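>>> missing the sequence, but the structure's below:
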Ligand SMILES: [Zn+2]
Ligand SMILES: [Zn+2]
């Protein structure tokens, strides 16, 4: 099983993901855009137990506007790390956080608090 290592902007928080993601793409939803101050969010979704924090767990801050998305960042540098989606059992690891992972955007979605159809959601997929 492949493992990909990554971390936050300053390196205080390190994490590793194992295996294959459940999905990946670009999310255009308002939540991702506003939180990340970016036009889109490049995400990779993994089963929760495939994602391990290997260093600096105590440095991680969490904010949840809804009970579907727990957004996490490094309290030292402010760098974004992951968003946990507990009701799906999935964790979004931002593609930029795991530079070794061969990210390929398969879908453009507006998944916000819903899943892409490919992953069991309603399938509000945007035209490229
Ligand atoms: Zn940091
Ligand atoms: Zn989003």
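Received, thanks. The shown structure was predicted, so the numbers you read here are calculated from the model rather than taken from an experiment. Ligands and ions are numbered 1, 2, ... in the order given.
>>> residues from the protein in reach of ligand 2?
Applying Cβ under 5 Å from the ion, we find that the chain lies next to ligand 2 at 27, 29, 32. All C-beta spots, glycine's among them, are computed from the backbone N, C-alpha and C.
>>> Now intersect the residues you listed with the strands, please.
Among the residues of the chain next to ligand 2, DSSP state E puts residue 27 in strands.
>>> From the residues of the chain next to ligand 2, keep the buried residues only.
Buried members of these, scored by 16 or more other Cβ atoms under 10 Å, are 27, 29, 32.
>>> nearest residue to the last one other than its sequence neighbours?
By the measure of Cβ to Cβ, 6 or more residues apart in numbering, the closest residue to residue 32 outside its immediate chain neighbours is residue 41, 3.7 Å from it.
>>> my guess is the one you found contacts residue 30, does it?
No. Taking contacts as Cβ atoms under 8 Å, residue 41 lies outside contact range of residue 30: 10.9 Å.
>>> burial of residue 97, as a residue count?
By other Cβ atoms under 10 Å, the residues close to residue 97 number 23.
>>> which residues does it contact?
6-8, 15, 79-82 (Cβ atoms under 8 Å, 6 or more residues apart in numbering).
>>> So which residue is dead centre in this protein?
Centroid-nearest residue in the chain: residue 92, 2.3 Å away (criterion: Cα atoms, centre = their mean).
>>> What helix or strand is it located in?
strand 90-94 (DSSP states H and E).
>>> For that strand, could you pull out the residues that count as buried?
Buried residues in strand 90-94 (16+ other Cβ under 10 Å): 90-94.
>>> now the residues you listed as TSV including distance to ligand 1 and pLDDT?
Below are these laid out as TSV (distance: Cβ to the ion, whole Å; pLDDT from 0 to 100):
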residue	distance to ligand 1	pLDDT
90	23	96
91	18	97
92	18	96
93	15	97
94	13	96
